[in-house]
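Colleague: Okay, predicted coordinates and the sequence, questions at the end:
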Amino acid sequence: MANRALSAVVGTVLLLPLRAGAADTHKAVVVAAISGYSWGYHDARGRFVLSPKLPPGFEWGYSEDMAPIRIGRKRGFMNRAHQVVIAPRFEAVGAFSEGLAAVKLDGRYGFVDKTGKMVVWPRFEAAGKFSQGLAPVKLDGRWGFITHGGKWAVRPRFDEAGEFSENLAAVKAEGKWGYVDLKGREVLSPRFDHAGSFEDGAAHVKADGESFYINRSGTRVEKALDVATIAVATATVTVDGKHLRIQRKEGKPPPERLNFSRSFSQGLAGLRIGGLYGFIDTNGAVVIPPEYGEAGNFSGGLASVRIHGKWGFINKSRQLVVDPQFDSVWGFGEGLCPVQSGGVWGYIDPSGSPVIPPQFEATYGFSEGLAPTEQADVWGFIDKTGKFVIDPAYNAAQNFSPEGLAAVKFGGLWGFIDKQGKTAIQPWYERTWGFSEGLAAVEFDGKWGYIDTTGTTVIQPLFEETWGFSQGLAVVKTSSGYGYIDKSGAVKIGPGFDYALSFSGGLALVMVDGLWGYIDPSGGMAIPAAYDQAFAFSADGLALVRQQGEYFYIGKDGSKRLVPDLGQNETAAKPAAAPPARALNTYLDNDKHVVDRPVFNEDMGLAAISVNGAFGYIDMNGDYIWIPTP
């Protein structure tokens, strides 16, 4: 999905060579594949001279201190120092686990170690991650499991297979899922429509249209609360036999409960509390409690959520409509959603039924009935049956715009094709953002201008940066800063801003002296620049902002309209009294039983609390001292 995809590939970076004639041909531009573009430079030895930066709330996708990168069409890895440690030479890469990562070379998967040495030679059609010493791999259409040395531990005989967890792995045979042990012996016969990994002795499954949890014997169970006990007279928390140290100091402010929030979409906005995601409505009430590892925006009445490392979809009633089973997802567009499973992409409908089986290396959502799709390192366009209607022949491709044109890259330069695959505008441009409002921003000889649908230059390439037109104006950058031009190329606002974004809902975000505010189409400051972070206004007329560490929503007049109601107790309670009941919380006694009032440990002055299955601690004022985390 255009927005979700970026939350699904957090941490991947794209390295593109600078054009010929640049001052230093050993450097390369680095583009972060997250919510727009973030640029940086690295030298010939792979060291970043200017590191790429990610938007607030995002992190690089490190696994065992290694993150995937992309240079041109090839993938490799960088370390936490942003040094390229495994040169990009692979067609695809997976995450490191147990010191090894799956990589694709010449159409087949193998495994490399952290030096880039090929430990398991690429011979498999697909591969998962190592867990408990084994990794699922596909050969001749069947899945089995191999050891770190590449030897078969379980011969390939399954239709599909997941990774091992708690000595069991979900496997699919004859259309149903079951579980096998590390020797490949059947523990639970295939009888489920979906089967997740075991965690704390329970696994999420689906059968006969119903979702529930089972134990290792296959018996249906209720998911137990994951809670902790407090070691009396100490500052140590004991969790499942593990000891964690917490410090209680008088006057120490409690951690922020609201870590991150998003803009509204279809009447709901995602927010993160203590590492878990939920949703609030336009009244600020939490309508879907924070219980997901990650969540996307609502689109078509559904939102993607990550549960135990897999992605599924919920509706606005919090019902799990599509079980968590995918490695990555985008969002729904034109009735279909791209999903990734086993390293390849396909499409599902809103019920979760596969419409186009996973088979593509990469893909985008549908637009104008077609979707750009990568196969064998080249891009083409498929229809909603999965058939290529424009054969793969391009180095890169963008979605079709309402103008009926799509940007494609051929021979290192960008041009445009129509829906029949015919060249409409020759590939002459170094970069493009595609068409919007009848004009396309294009880069030629290092400067940006605009062309119309015939390829005629309407606005000469004079600008250092540009964005697409929105509400008749486009952001441009000159030596004086950021400003706005109209479709004739005349400067209408500025330039002079530190940074600027496109107009949306009659207002545009601009940065002045390091703070964000909003301007109207005349260039007047509609809402003064006073925010550390700000987002565009949604269709609900609300914009998310952050000021002095606090997230809240404002209206178009700049007034504070909405502060998420998280049940925070703002009135200090007496030491022996219980704080008011909280909508999201359950209180636990020393035996982990749910009670109406919190039970405080007298020596520490803390009480155990559960927030949708995640444990934490509150003090006698009702403030979090240990934020609930899974």
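Modeller: Thanks, I have it.

Colleague: C-alpha only now, for contacts and for neighbours.
Modeller: Fine.

Colleague: can you give me the helices in the stretch 151-300 of the chain?
Modeller: Secondary structure of the stretch 151-300 of the chain (DSSP state H, counting those that start in this stretch): no helices present.

Colleague: quick one: low-confidence ranges for it?
Modeller: Within the stretch 151-300 of the chain, the stretches with pLDDT under 70 are 222-261, 274-275.

Colleague: now do the chain
Modeller: Within the chain, the segments meeting pLDDT under 70 span 1-61, 72, 222-261, 274-275, 564-630.

Colleague: What segments of it are helices?
Modeller: 4-8 (DSSP state H).

Colleague: For stretch 499-509, which outside residues touch it?
Modeller: 467-471, 473-475, 481-483, 510-512, 516-521, 526, 534-539 (C-alpha atoms under 8 Å, 6 or more residues apart in numbering).

Colleague: Give me the buried entries from those residues.
Modeller: Buried by 16 or more other C-alpha atoms under 10 Å: 467-470, 473-475, 482-483, 510-512, 516-521, 526, 534-538, out of these.

Colleague: Those in strands, which ones?
Modeller: 474-475, 482-483, 510-512, 516-519, 526, 534 (DSSP state E).

Colleague: which residue packs closest to residue 191, ignoring adjacent ones?
Modeller: residue 176 (5.2 Å; C-alpha to C-alpha, 6 or more residues apart in numbering).

Colleague: Tell me, how many residues neighbour the one you found?
Modeller: Neighbour count for residue 176, taken as other C-alpha atoms under 10 Å: 17.

Colleague: Adjust the sequence numbering to begin at 4 for everything that follows.
Modeller: Happy to do that; since the first residue is 4 now, the last one works out to residue 179.

Colleague: Bridged to it, which residues?
Modeller: residue 176 (DSSP bridges).

Colleague: ditto for residue 557
Modeller: Under the criterion used (DSSP bridges), residue 557 bridges to residue 546, residue 563.

Colleague: Leaving out the residues flanking it, which one is nearest to residue 500?
Modeller: Spatially, and ignoring its direct neighbours in sequence, residue 500 is nearest to residue 485 (4.9 Å; C-alpha to C-alpha, 6+ apart).

Colleague: Look up how far residue 497 lies from the one you found.
Modeller: As judged by C-alpha to C-alpha, to the nearest Å, residue 485 and residue 497 stand 7 Å apart.

Colleague: Residue 73 now?
Modeller: Taken as C-alpha to C-alpha, the span from residue 73 to residue 497 is 36 Å.

Colleague: ok, the two, which is more surrounded?
Modeller: The neighbour count for residue 73 versus residue 497, taken as other C-alpha under 10 Å, is higher for residue 73 (25 against 16).

Colleague: If the more buried one is in a bridge, with which residues?
Modeller: residue 17, residue 78.

Colleague: Residue 91 touches residue 72, doesn't it?
Modeller: Yes: assessed by C-alpha atoms under 8 Å, residue 91 is found in contact with residue 72 at 7.3 Å.

Colleague: Neighbour count: those two, which is higher?
Modeller: residue 72 (26 against 22).

Colleague: wait, that one sits on residue 85?
Modeller: No: using C-alpha under 8 Å, residue 72 is not in contact with residue 85, being 10.0 Å away.

Colleague: For residue 326, list the residues it contacts.
Modeller: Contact partners of residue 326, counting by C-alpha under 8 Å, 6+ apart, are 197, 209, 314, 315, 316, 355.

Colleague: hang on, residue 540 packs against residue 548?
Modeller: No: Residue 540 lies out of contact with residue 548 (C-alpha under 8 Å); the separation is 10.1 Å.

Colleague: contacts for stretch 167-186?
Modeller: 134-135, 137-138, 156-157, 161-166, 189-202, 204.

Colleague: Also stretch 385-401?
Modeller: 358-359, 372-378, 380-384, 409-415, 422-424, 437.

Colleague: among those, which ones are buried?
Modeller: 359, 373-377, 380-384, 409-413, 422, 437.

Colleague: and the residues you listed, which of them are in strands?
Modeller: Of those, the ones assigned to strands by DSSP E are 359, 374-377, 381-384, 409-413, 437.

Colleague: Find the residues that touch each one of residue 91 and residue 72.
Modeller: 78, 79, 80.

Colleague: tally of neighbours for the last one?
Modeller: Spelled out, it's residue 80. Burial measure for residue 80: 27 neighbouring residues, criterion other C-alpha under 10 Å.

Colleague: Confirm for me that it is in contact with residue 72.
Modeller: Yes: with contact defined as C-alpha under 8 Å, residue 80 counts as touching residue 72 (5.3 Å).

Colleague: got any residues that touch both of these two?
Modeller: By C-alpha under 8 Å, 6+ apart, residue 80 and residue 72 have these common neighbours: residue 91.

Colleague: coming back round to it: nearest to residue 555 among the shared contacts of residue 91 and residue 72?
Modeller: Taking C-alpha to C-alpha as the measure, residue 555 lies nearest residue 80 of the shared contacts of residue 91 and residue 72, at 37.3 Å.

Colleague: neighbours around the residue found closest to the closest one once you drop the neighbours it is linked to in the chain, how many?
Modeller: Excluding the flanking residues, the one nearest residue 80 by C-alpha to C-alpha, 6+ apart is residue 71, at 4.4 Å. Counted with other C-alpha under 10 Å, residues neighbouring residue 71 total 27.

Colleague: Likewise for residue 265?
Modeller: Neighbour tally, residue 265, other C-alpha under 10 Å: 22.

Colleague: Quote the end-to-end distance of stretch 452-471.
Modeller: Taking C-alpha to C-alpha as the criterion, the two ends of stretch 452-471 lie 10 Å apart.

Colleague: One more: stretch 392-402?
Modeller: OK, stretch 392-402 end separation, C-alpha to C-alpha: 14 Å.

Colleague: what does stretch 155-169 give?
Modeller: Chord length of stretch 155-169, first to last residue, is 20 Å (C-alpha to C-alpha).

Colleague: Could you check it and say which residues are buried?
Modeller: 156-169.

Colleague: Distance check, residue 558 against residue 566.
Modeller: According to C-alpha to C-alpha, residue 558 stands 12 Å off from residue 566.

Colleague: Contact partners for the closest residue to residue 96 other than its chain neighbours?
Modeller: Nearest non-adjacent residue to residue 96, counting by C-alpha to C-alpha, 6+ apart: residue 106, 4.3 Å away. Applying C-alpha under 8 Å, 6+ apart, one finds that residue 106 lies in contact with 93, 94, 95, 96, 97, 112, 113, 114, 115, 125.

Colleague: Mind doing that once more with 6 Å?
Modeller: The contact partners of residue 106, taken as C-alpha atoms under 6 Å, 6 or more residues apart in numbering, are 95, 96, 112, 113, 114.

Colleague: The last one: how many residues sit nearby?
Modeller: Neighbour count of residue 114, defined by other C-alpha under 10 Å: 27.

Colleague: Wait, it touches residue 120, no?
Modeller: No: using C-alpha atoms under 6 Å, residue 114 is not in contact with residue 120, being 8.5 Å away.
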